[in-house]
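**Q** no FASTA, just this:
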């Protein structure tokens, strides 16, 4: 890793605005920070992180901003192996506080009887579909050919990102 564009000069350069080339809807898991995984600098990625990388209205609005205002060309929906939110949703056990509020966004994606890896992949694909069908801003950008939306999974074990079909 080179840690590019992460110095005082870059901070000053971005003080007047940003133009991230990509946006990422990723999990809030501390082991999956997109800027570090992809070795990007300040201002390169517009990251939206929430447990389970769910596309709820607030996350969709943020990604619409990235595409419609900032001009991001790619949205990557980045799940990861052994995701705690996906695991909790699949297991359906009682959880403290408001954690279960995430389940409504995850369980529709998961095939009955799926193992966690299959569930993680299905969730990334499902959240991608939610983005592309429920957001007019993102849908119009796709139709205009100005943005691409892709699901992917990061492996905690290998450090590799796999794009999903």
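**A** Happy to help now that I have it. Predicted, not measured: the structure shown is a model, and the values here were computed from it.
**Q** after the strand or helix carrying residue 59, next one along is what?
**A** Take DSSP states H and E as the rule and residue 59 turns out to sit in helix 57-68. Reading on from helix 57-68 to the C-terminus, the next helix or strand found by DSSP H and E is strand 74-80.
**Q** and residue 112, what pLDDT?
**A** The model reports residue 112 with a pLDDT of 89.
**Q** three-state assignment of residue 24?
**A** Here residue 24 is recorded as strand under DSSP: H, G, I helix; E, B strand; the rest coil.
**Q** ok, the residue nearest the centre of the chain - contacts?
**A** Nearest to the mean C-alpha position of the chain, counting by CA atoms, centre = their mean, stands residue 25 at 1.8 Å. Shown in contact with residue 25 (CB atoms under 8 Å, 6 or more residues apart in numbering): 48-50, 53, 55, 59, 63, 75-78, 127, 131. Just so you know, the C-beta spots here come from the backbone N, C-alpha and C atoms, and that holds for glycine as well.
**Q** repeat that for residue 34.
**A** Per CB under 8 Å, 6+ apart, neighbours of residue 34: 24, 26, 40, 45, 47, 49, 78.
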